[in-house]
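Q: everything below, folded, please.
(chains A and B)
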Amino acid sequence: MDNLIELRSLRKSFGSVTALDDVCLTIPPGRIVGLLGPNGSGKTTTLKLLCGLLQPTSGEVLINGTAPSPETKAIVSYLPERTYLQGWMKVKDVAAFFEDFYADFDLGRAMEMFYELGVDANRKLSTLSKGTKEKVQLILVMSRRAKLYLLDEPIGGVDPAARDYIIKTILQNYSRDASILISTHLIRDVEDIFDDVVFLQNGHVLLYDSAAAVREKKGVSIDELFREVFKC
Amino acid sequence: MLGKLLKYELGATARIFLPLYGALVLVSFANALLLKLNYDAATIVGFLVLFGLLVAMAVTTIVILIQRFYSNLLGSEGYLMFTLPLGVGNLVASKLIASLLWIFCGGLTAGLSGVILLSSSYFKNAQNGQYMDFFRAIYGMFEELFGVRPGAGLIALFCSCCVLAAVALVLTIYASLSVGQLPVFNKFRTAASFIAFFAINALFNSVGSPIFDRLMFRSQMEYGTLLTVLWIWLALSAVRTTAMYLVTYFILKRRLNLE
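A: Next up is the predicted model:
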């Protein structure tokens, strides 16, 4: 299989608003891709289409050659930008939940990371701070041996000290034949890990190239280029 | 996968229902004791508490049924539930089975509460210790009306009607909530769900009511007519169950619009 992700003439509209328009994109396995763009550019919509939470208005979404289905969901690990865990459950209960439903979930690794980040596995989720809940979700998502990770603003709500640990966690946990698609505003903190970058603007792909090539051609960092391109 | 979903669904709901059932049984025993001791004032208070608990149980069953579907599937938690490697049918089935189970257990607990009260010496004395007379009386009334005793077949048919009507009602609620989350209703999701629920009910009533009216009120009620009424009720419930399941399934699969 050549491409892990293939978006063909993808279009998604919500009523009269077009969120994505004629997006064509192919991402091979083994790449860390930064999905970058200002608010409303279509980043979250792209990720939701890839994990099957939304259906395309037209065009095609293919993961490993097939449209989103229970089979693709088994190899896609998705971190949304919101808390999606049930408050009444304990941290260890949600870890057991992940182990029950995802064959590729590594419970031992998750428990180890909870310990390292100081998250008490016996605490109820409703008693945790927003930042800690985000850490729990990221640990759960990264404890899967998935083929594709879709991370929507993975470091948005956590403190800078935890950010470094989380980025290290992401890098340590994914296998080399998996790809990671990271949508973020905090480019400076993560740009060093990107193999490729995609700039989205108003639902269109503005740029898709390797991070090294972008830096070489433009002579600036990805963060600087982003500020230049999307200057208000 | 359905078994695993049910395990978590029942876990999430049992922590609410089981204490409620426990309280109902305890209060029933307390009332039985008060009846035995002939404390009239305390008995009135006891019965008020019992009645309150029964109402609370009924309301909680409906509220939890709605809330589990709305927040676990259509709210933030839906981001996890709909990215699990399983089909939409499994998600709907797990909610439906859990809801039906709690409706059944609620009815059973209410029945148990009744048996506890009837078992108290007060009622035993009043009815010469034969509270089973209640069921005999119903049998007798039925025989008087239709000229035959209700057999196992009729009871099975009646029970099937009740179960299928409950399934149809729960699925109508799910379909209404699913309609309410469609993008076109984004600004008034709750209102759209309520309107959808009443519109669906009105639609099915407009089909069923004229048939039942003609059969039940415009002619002499006979055993054969009763059977016809039950079979039509069963058929209509089956149609409604199928239609509501398909609406819910299609919307959640093709038109999901999480908050």
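Q: next SSE downstream of whichever helix or strand residue A:141 is part of?
A: Assessed by DSSP states H and E, residue A:141 sits inside helix A:130-142. As assigned by DSSP H and E, the chain's next helix or strand after helix A:130-142 is strand A:148-152.
Q: show me the contact partners of that following strand.
A: Residues outside strand A:148-152 that contact it (CB atoms under 8 Å, 6 or more residues apart in numbering or on different chains): A:4-5, A:43-44, A:47, A:50-51, A:63, A:75-81, A:138, A:141-142, A:170, A:174, A:178-183. (Each C-beta comes from the backbone N, C-alpha and C, glycine too.)
Q: centre of the chain versus the next helix or strand after it, how much separation?
A: Sequence-wise, the next helix or strand downstream of strand A:148-152 (DSSP H and E) is helix A:160-173. Chain-centre distance of helix A:160-173: 14 Å, with CA atoms, centre = their mean, to the nearest Å.
Q: check which residues of the helix holding residue A:141 are buried.
A: A:132, A:133, A:134, A:135, A:136, A:137, A:138, A:139, A:140, A:141, A:142 (16 or more other CB atoms under 10 Å in any protein chain shown).
Q: that helix and chain B, any residue contact?
A: No - judged by CB under 8 Å from any CB of the partner chain, helix A:130-142 stays clear of chain B, getting no closer than 9.0 Å.
Q: please save the CA atoms from that helix in CSV.
A: Provided in CSV are the C-alpha atoms of helix A:130-142 (Å, rounded to 0.1, in the frame of the first residue of the first chain):
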residue,chain,number,x,y,z
LYS,A,130,-8.9,20.4,32.2
GLY,A,131,-5.1,20.1,31.5
THR,A,132,-4.8,16.8,33.4
LYS,A,133,-7.8,15.4,31.4
GLU,A,134,-6.1,16.4,28.2
LYS,A,135,-2.9,14.5,29.4
VAL,A,136,-5.0,11.4,30.1
GLN,A,137,-6.6,11.5,26.7
LEU,A,138,-3.3,12.0,24.9
ILE,A,139,-1.7,9.1,26.9
LEU,A,140,-4.6,6.9,25.9
VAL,A,141,-4.4,7.8,22.3
MET,A,142,-0.7,7.4,22.1
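Q: so for that helix, mean pLDDT?
A: Average pLDDT, helix A:130-142: 91.
Q: next, the angle helix A:160-173 makes with it.
A: 10 degrees (axes from the mean of the first three to the mean of the last three CA atoms, to 10 degrees).
Q: helix A:130-142 packs against which elements?
A: Counting contacts by 3 or more CB pairs under 8 Å, 6 or more residues apart in numbering or on different chains; DSSP states H and E, helix A:130-142 is packed against strand A:76-79, helix A:91-101, helix A:107-116, strand A:148-152, helix A:160-173.
Q: from the chain's centre, how far out does that helix sit?
A: 13 Å.
Q: one more: stretch B:13-25?
A: Worked out by CA atoms, centre = their mean, stretch B:13-25 lies 16 Å from the chain centre.
Q: likewise stretch B:7-25?
A: So, by CA atoms, centre = their mean, the centroid of stretch B:7-25 is 16 Å from its chain's centroid.
Q: just name the most buried of the helices and strands packed on helix A:130-142.
A: strand A:76-79 (a mean of 26; mean count of other CB atoms under 10 Å in any protein chain shown).
Q: direction included, what does that strand pair up with?
A: Here strand A:76-79 has these sheet partners by DSSP bridges: strand A:148-152 (parallel).
Q: can I get the CA coordinates of the strand it pairs with in CSV?
A: The C-alpha coordinates for strand A:148-152 follow below in CSV (Å, rounded to 0.1, in the frame of the first residue of the first chain):
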residue,chain,number,x,y,z
LEU,A,148,-2.4,6.6,11.8
TYR,A,149,-2.7,9.1,14.7
LEU,A,150,-4.9,12.2,14.2
LEU,A,151,-4.1,14.7,16.8
ASP,A,152,-6.2,17.9,17.0
